[in-house]
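> the following comprises the amino acid sequence and a computationally predicted model.
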Amino acid sequence: MPMDLFQSPLFFAAAILGAIGGLLLLAGFLAFIRLQLMSALARTLVGLLLISLGALAGTVAIGIQGYRALTREDVAARIVVQPAGEQRFVATFSFPDGRKEKFDLSGDEIYVDAHILKWNPHANLIGLHTAYELDRVAGRYHSVKEEREAPRTVHPLGRERPVDLYALRRRYTFLAPLLDAEYGSATFIPVTKPAELELRVSTTGLLLREVKPPQKP
């Protein structure tokens, strides 16, 4: 299920660290007024440290919103593809949360990729596990020449968020001991006829598989 901000251990950690840090800053200010300079300095530094840790925890909690915890092979979406002309087709996505989206695509194949967040095993202790978010869907051509010259169609599958944890990890190497965001996964399958596809995701990556109709007795 999607990560819920208000049920995240990191959200509570951020709130607690921020509250304690704020109290220590207030205590430091009062100590300064009383001219207890060493006490004021110590309380202020510890308060700032706790607030910084709380801000980091809050950033991570917000950043993982929209990602889905991955502990086994999950169905990320069901996709109905319908040819709409030569090298053109429509793909209708049905997501586990009930959301549906339709995309007009050009090409011979449907292509889907995803971001995978892999946490350091120590992060598992606070409830952070491998998670994924679908990133984009595109039309893909068999021919490299057509891939370069023919019309390209790409649509986002992810949602806008105030903190993009995947982008932050790739930009800042100091997050490496905590989080691995170097891993992505993609899959594609030809579209030659109307079909229903199942997009599955596991710790080894994405897989598109046609859903066969049930056998008649």
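On my side now, so go ahead.
> show me where this protein has its helices.
In the chain, the segments counted as helices under DSSP state H are 9-33, 37-63, 144-149, 165-171.
> may I see the buried residues of the shortest one?
So the one you mean is helix 144-149. residue 146 (16 or more other Cβ atoms under 10 Å). C-beta: built from backbone N, CA, C; applies to glycine.
> ditto for stretch 93-105
Neighbour-count burial for stretch 93-105 [16+ other Cβ under 10 Å]: 93, 95, 103, 105.
> per-residue confidence at the third one?
Read that as residue 103. Confidence at residue 103, expressed as pLDDT, is 96.
> ok, now which ones touch it?
90-93, 137, 153, 155 (Cβ atoms under 8 Å, 6 or more residues apart in numbering).
> same check, this time on residue 189
So residue 189 contacts 109-110, 197, 208, 210 (Cβ under 8 Å, 6+ apart).
> make a ChimeraX selection of whichever of those residues turn out to be buried.
Filtering the contacts of residue 189 down to the buried ones (16+ other Cβ under 10 Å) takes a single ChimeraX command:
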select :109,110,197,208
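> any idea which of the buried residues of stretch 93-105 is closest to residue 79?
residue 93 (5.5 Å; Cβ to Cβ).
> show me what the closest one is bridged to.
Taking DSSP bridges as the rule, residue 93 bridges to residue 79, residue 101.
> surely it touches residue 105?
No. Applying Cβ atoms under 8 Å, one finds residue 93 not in contact with residue 105, separated by 11.4 Å.
> where do the contact lists of these two overlap?
By Cβ under 8 Å, 6+ apart, the residues touching both residue 93 and residue 105 are residue 137.
> what is the neighbour count of residue 138?
By the criterion of other Cβ atoms under 10 Å, residue 138 has 20 neighbours.
> thought it was touching residue 154?
Yes. Between residue 138 and residue 154 there is a contact under Cβ under 8 Å: 4.3 Å.
> just to revisit the earlier point, pLDDT added to the contacts of residue 189, as CSV?
Formatted as CSV, the contacts of residue 189 follow (pLDDT from 0 to 100):
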residue, pLDDT
109, 96
110, 96
197, 95
208, 90
210, 89
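> closest one of the contacts of residue 189 to residue 55?
residue 208 (39.7 Å).
> and the gap between the closest residue to the closest one other than its chain neighbours and residue 196?
Nearest residue to residue 208 in three dimensions, chain neighbours excluded: residue 189, at 4.4 Å (Cβ to Cβ, 6 or more residues apart in numbering). Separation of residue 189 from residue 196 (Cβ to Cβ, to the nearest Å) stands at 12 Å.
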